[in-house]
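> Model the following, please.
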Amino acid sequence: MKLSLQERLKLPFFPVIQAPMAGGFTPPSFIAAVCEEGGLGSIGAGYLSPESLREQIREVKKLTSKAFAVNLFIPTPVTLDQTKIEESKKILLKYHQELGISAEPKLFWDEQLFEKQFQVVLEEKVPVFSFAFGFLSAEKMQALKSQGIFIIGTATSLEEGLFLEQQGCDAIAAQGSEAGGHRGSFLDGKFPLVRVWDLVDELVDHVHIPVLAAGGIINAEGVHKARQLGASGVQVGTAFLVCKESSASPEFKKKLLTSPEGSTVLTKSFSGRWARGVENRFMKELEPLQEHLPDYPLQNSLTQVLRKHALEKGQTDFLSLWAGEGVGHLQELSIHELMQELTK
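Sure, this is the predicted structure:
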């Protein structure tokens with residue numbers, strides 16, 4: 001008899017996966033706490049050095065014996081368009097000068113980062129591996145499967161979901177257009193914007209592996225809707241981001257908790273890749289210039305100095321306030337309280 005996703009992940013409730021959020025908002029203690037409350041905690045490791053990733057995996061293992069996930073970003077081909085790079089530097093320097101930042105925008109990224117991170121995932125034998133922005137080579141899929149690692153891919157369309165199933169993924173996170181943070185799209189350079197319930201409905205009808213509903217789910221109502229449509233679990237991000245135990249800055253949390261419904265938009269301004277967040281001054285002012293900016297991860301690298309300064313100074317106008325469409329209905333709960341709400 002085929003095991004359900006809940007049985008495969010050994011969870012006490014209908015699966016609630018804490019969405020992986022890169023950026024250091026969910027430390028190992030947070031991830032372990034989600035697992036202890038009956039959910040699947042996720043290390044958002046997209047930007048972590050291999051050393052930090054190994055450290056965090058080991059720390060989570062010390063704090064919980066339950067399953068958890070590690071999420072990585074699949075590298076995307078990089079085109080060094082010098083015209084766009086210089087244009088972006090010119091734009092960003094004006095903000096640096098306004099805010100008194102002496103450092104200039106820097107262009108740097110490690111082309112081998114994913115390979116090094118992936119090696120750590122294998123060496124540390126993590127229970128669950130999830131990924132976004134692309135797909136894995138057959139060799140990498142086999143390496144994970146040989147260790148019995150459960151694999152979750154991210155799809156923003158039916159075509160992507162079918163592709164991931166064919167590739168051998170064990171489950172699919174159906175990322176609706178409501179979801180906060182970066183879009184996981186990867187086929188043919190397209191960025192589909194399908195509403196979560198439509199996407200779940202389509203995928204459940206056409207794939208034979210578990211589907212996770214992801215995007216704008218913040219309470220029991222969303223979880224029940226996902227179940228009704230045949231989803232095997234939910235992936236929740238923004239509601240966890242504003243939890244009391246989250247490491248998001250007080251200013252970031254306040255912005256998410258006080259912004260009205262409908263205040264999130266899609267932008268490429270911060271990273272060069274479409275992502276959803278609460279609109280702020282930087283996003284508004286760069287909106288007409290988005291096509292003149294370099295692609296991810298180049299723009300992400302160039303804005304790093306600005307974002308770091310903004311975080312230190314609590315200047316939310318220059319922070320990437322990634323959040324889903326649940327904004328306007330969020331509450332600052334403890335992990336325990338949120339898990340109780342999501343599983344009732």
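> residues near residue 160, how many?
Residue 160 has 26 neighbours, counted by other Cβ atoms under 10 Å. Backbone N, C-alpha and C define where each C-beta goes, glycine included.
> Please name the residues that touch the spatially closest residue to it that is not a sequence neighbour.
Among residues not flanking residue 160 along the chain, residue 187 sits closest, at 5.3 Å (Cβ to Cβ, 6 or more residues apart in numbering). For residue 187, the contacting residues are 157, 159-160, 163, by Cβ atoms under 8 Å, 6 or more residues apart in numbering.
> Next one, pLDDT for residue 187 please.
With respect to pLDDT, residue 187 has a value of 95.
> same question, residue 239
Residue 239 is assigned 98 on the pLDDT scale.
> picking that back up, could I have the buried ones of the contacts of residue 187 as PyMOL selection syntax?
In PyMOL, a selection of the buried entries from those looks like this (16 or more other Cβ atoms under 10 Å):
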select buried, resi 157+160+163
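> could the contacts of residue 187 be laid out in CSV, adding pLDDT?
Below are the contacts of residue 187 laid out as CSV (pLDDT from 0 to 100):
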residue, pLDDT
157, 98
159, 98
160, 98
163, 98
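> of all the contacts of residue 187, which comes closest to residue 18?
Of all the contacts of residue 187, residue 160 has the smallest distance to residue 18: 22.2 Å, by Cβ to Cβ.
> The closest one against residue 185, yeah?
Yes: the pair residue 160 / residue 185 is scored as a contact, 7.0 Å apart, by Cβ atoms under 8 Å.
> Quickly list what's touching both of those two.
Counting by Cβ under 8 Å, 6+ apart, the residues touching both residue 160 and residue 185 are residue 192.
> ok, then the element right after the biggest helix by length in the chain?
Using DSSP state H, we find that the single longest helix of the chain is helix 82-99. Downstream of helix 82-99, the first helix or strand assigned by DSSP states H and E is helix 113-123.
> Run through who's touching that next one.
Contacts for helix 113-123 (Cβ under 8 Å, 6+ apart): 45, 48-50, 53-54, 57, 70, 72-75, 110, 129, 140, 143-144, 147, 149.
> how about the CA coordinates for the very next helix or strand once past it, as CSV?
Next in sequence after helix 113-123, counting helices and strands by DSSP H and E, comes strand 128-132. This file holds the C-alpha atoms of strand 128-132, laid out as CSV (Å, rounded to 0.1, in the frame of the first residue of the first chain):
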residue,chain,number,x,y,z
VAL,A,128,14.4,16.1,3.0
PHE,A,129,15.8,18.2,0.1
SER,A,130,13.8,20.8,-1.7
PHE,A,131,14.9,23.1,-4.5
ALA,A,132,13.7,26.1,-6.6
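> From the contact counts, what lies against strand 128-132?
strand 69-73, strand 150-155 (3 or more Cβ pairs under 8 Å, 6 or more residues apart in numbering; DSSP states H and E).
> at 10 Å instead, please
When contacts are defined as 3 or more Cβ pairs under 10 Å, 6 or more residues apart in numbering; DSSP states H and E, strand 128-132 packs onto strand 42-44, strand 69-73, helix 113-123, helix 138-145, strand 150-155, strand 171-175.
> could you say what helices and strands the shortest one packs with?
So the one you mean is strand 42-44. With 3+ Cβ pairs under 10 Å, 6+ apart as the test, strand 42-44 has strand 16-18, helix 28-36, helix 50-63, strand 69-73, strand 128-132 packed against it.
> one more time with 8 Å, if that's ok
Strand 42-44 sits against helix 28-36, helix 50-63, strand 69-73, with contacts defined as 3+ Cβ pairs under 8 Å, 6+ apart.
> cool, and the fourth one?
Helix 138-145 is packed against helix 113-123, strand 150-155, with contacts defined by 3+ Cβ pairs under 8 Å, 6+ apart.
> the inter-axis angle of the first one versus helix 138-145?
In terms of direction (axes from the mean of the first three to the mean of the last three Cα atoms, to 10 degrees), helix 113-123 departs from helix 138-145 by 30 degrees.
> Helix 113-123: how far from the chain's middle?
When distances are taken as Cα atoms, centre = their mean, to the nearest Å, helix 113-123 is centred 18 Å away from the chain's centroid.
> By neighbour count, which bits of that helix are buried? Give me those.
113-114, 117-118, 120-121.
> Now render these as TSV, adding distance to residue 318 and pLDDT.
As requested, these are exported to TSV (distance: Cβ to Cβ, whole Å; pLDDT from 0 to 100):
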residue	distance to residue 318	pLDDT
113	25	96
114	28	97
117	28	98
118	32	98
120	32	98
121	33	98
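> Let's have these in TSV, adding distance to residue 309.
Below are the buried residues of helix 113-123 laid out as TSV (distance: Cβ to Cβ, whole Å):
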residue	distance to residue 309
113	23
114	27
117	26
118	31
120	30
121	32
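> could you dump stretch 17-37 to PDB, C-alpha only?
The C-alpha atoms that make up stretch 17-37 are tabulated as PDB, following Å, rounded to 0.1, in the frame of the first residue of the first chain:
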ATOM      1  CA  ILE A  17       5.900  22.700   5.700                       C
ATOM      2  CA  GLN A  18       7.500  25.800   6.900                       C
ATOM      3  CA  ALA A  19       8.600  27.400   3.700                       C
ATOM      4  CA  PRO A  20      12.300  27.800   3.200                       C
ATOM      5  CA  MET A  21      13.200  31.500   3.600                       C
ATOM      6  CA  ALA A  22      16.800  32.400   2.600                       C
ATOM      7  CA  GLY A  23      18.200  35.400   4.500                       C
ATOM      8  CA  GLY A  24      18.700  34.100   8.000                       C
ATOM      9  CA  PHE A  25      15.200  34.700   9.400                       C
ATOM     10  CA  THR A  26      14.800  31.100  10.600                       C
ATOM     11  CA  PRO A  27      17.700  30.000  12.700                       C
ATOM     12  CA  PRO A  28      18.200  26.300  13.700                       C
ATOM     13  CA  SER A  29      16.300  26.800  16.900                       C
ATOM     14  CA  PHE A  30      13.300  28.000  14.900                       C
ATOM     15  CA  ILE A  31      13.400  25.100  12.400                       C
ATOM     16  CA  ALA A  32      13.700  22.600  15.200                       C
ATOM     17  CA  ALA A  33      10.800  24.200  17.000                       C
ATOM     18  CA  VAL A  34       8.600  23.800  13.900                       C
ATOM     19  CA  CYS A  35       9.500  20.100  13.700                       C
ATOM     20  CA  GLU A  36       8.800  19.600  17.400                       C
ATOM     21  CA  GLU A  37       5.300  21.100  16.900                       C
END
